[in-house]
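A.B. asks: Here is my input; please provide its structure:
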Amino acid sequence: QVQLVESGGGLVQAGGSLRLSCAASGDTICISAMGWYRQAPGKERELVAGITSYGSANYADSVKGRFTISRDNAKNTVYLQMNTLKPEDTAVYYCNADIRRRSDWVQGNYWGQGTQVTVSS
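C.D. replies: Predicted coordinates:
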């Protein structure tokens, strides 16, 4: 069984910062791409940032220059540093990863349970 557990969400004022973490555990042997998505009320889930196993990152235009994605492969963890937060960043943030299972060598795509980020104006 593979698990992605997020942490670091919360309530912050506009202009503030938060750092999200997502740790993969369980039946994992290899993690390739990892990323963060978000879903605001009444909107579709959207990609915020992604990162390859080699550290190449991409960002949604709306967060470029404010958010930074990084990963620690030794800890199977991906981070999202969010600076200069805006009320429109308010959403549930989900971790996503492509993970190959140790038990059967099958690669699958996995989601975390989500963490709420609320930015007040």
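A.B. asks: The residue positioned nearest the centre of the chain bridge partners, please.
C.D. replies: Centroid-nearest residue in the chain: residue 36, 2.9 Å away (criterion: CA atoms, centre = their mean). Beta bridges link residue 36 to residue 49, residue 95 when assigned by DSSP bridges.
A.B. asks: From residue 21, how far off is it?
C.D. replies: According to CB to CB, to the nearest Å, residue 36 stands 11 Å off from residue 21. Yep, even glycine has a C-beta here, placed from its N, CA and C like the rest.
A.B. asks: Overlap of the contact sets of the two?
C.D. replies: With contacts taken as CB atoms under 8 Å, 6 or more residues apart in numbering, residue 36 and residue 21 have residue 78 as neighbours in common.
A.B. asks: what's the pLDDT at the residue nearest to the centre of the chain?
C.D. replies: pLDDT, residue 36: 98.
A.B. asks: three-state assignment of the residue of the chain positioned farthest from its centre?
C.D. replies: What lies farthest from the middle of the chain is residue 104; by CA atoms, centre = their mean that is 25.6 Å. Residue 104 carries the three-state label coil when classified by DSSP: H, G, I helix; E, B strand; the rest coil.
A.B. asks: Can you verify my assumption that residue 26 contacts residue 2?
C.D. replies: Yes - contact criterion CB atoms under 8 Å: residue 26 and residue 2 qualify, at 4.8 Å.
A.B. asks: dump the residue contacts of the nearest residue to residue 60 once chain neighbours are set aside.
C.D. replies: Nearest non-adjacent residue to residue 60, counting by CB to CB, 6 or more residues apart in numbering: residue 48, 5.5 Å away. For residue 48, the contact set (CB under 8 Å, 6+ apart) comprises 35-38, 59-60, 63, 67, 80, 93.
A.B. asks: Show me the strands in the protein, by range?
C.D. replies: With strands called from DSSP state E, the chain shows them at 2-7, 10-13, 18-26, 30-39, 46-51, 57-59, 67-72, 77-82, 91-100, 107-111, 115-120.
A.B. asks: and the angle from the first one to strand 18-26?
C.D. replies: Comparing the axes of strand 2-7 and strand 18-26 via axes from the mean of the first three to the mean of the last three CA atoms, to 10 degrees yields an angle of 160 degrees.
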